[in-house]
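In: this one's structure only:
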């Protein structure tokens, strides 16, 4: 009723899996494709530099997530950010914490009234 696979059959299945798994990743890119990707990234960096856009300073959080974070409800902000973007917990937490750290840092630069 069931076919019995031999060791050679399992070996062939594993090799086929490895072949398909490695060719679909970035490491499977041919040298010409990698060079083209590098050129595109370099051109994009030049365009961003010309337009004076600092990608590190861009905030990808929605207004709702920012409002939750501003109120101090960090957990709700992380949950909302995950629901909107589909990010994992770690990435969403890092985004919200970076936003909060930026706010604190910007607030500390403001002169205090005496």
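Out: Now that the structure is in, tell me what you want to look at. Keep in mind the model is a prediction, meaning the values are calculated, not measured.
In: for the residue nearest to the spatial centre of the chain, report the pLDDT, please.
Out: For the chain, the residue nearest the mean C-alpha position is residue 91 (7.1 Å; CA atoms, centre = their mean). Per-residue pLDDT puts residue 91 at 88.
In: go on, residue 75?
Out: Residue 75 is given a pLDDT of 94.
In: quick check: which element contains it?
Out: Using DSSP states H and E, residue 75 sits in helix 74-85.
In: buried sites along that helix?
Out: 76, 77, 78, 79, 80, 81, 82 (16 or more other CB atoms under 10 Å). For every residue, glycine as well, the C-beta is placed using N, CA and C.
In: out of everything not next to it in sequence, what's closest to the fifth one?
Out: Spatially, and ignoring its direct neighbours in sequence, residue 80 is nearest to residue 65 (5.0 Å; CB to CB, 6 or more residues apart in numbering).
In: roughly how far does the one you found sit from residue 73?
Out: 10 Å (CB to CB, to the nearest Å).
In: follow-up on the earlier one: ok, the residue nearest to residue 80 - contacts?
Out: Counting by CB atoms under 8 Å, 6 or more residues apart in numbering, residue 65 touches 77, 80, 81, 84, 96, 99.
In: try it again at 10 Å.
Out: With contact set as CB atoms under 10 Å, 6 or more residues apart in numbering, residue 65 has these partners: 59, 76-85, 92, 95-96, 99.
In: and residue 62, by the same measure?
Out: Counting by CB under 10 Å, 6+ apart, residue 62 makes contact with 68, 77, 80, 81, 84, 85.
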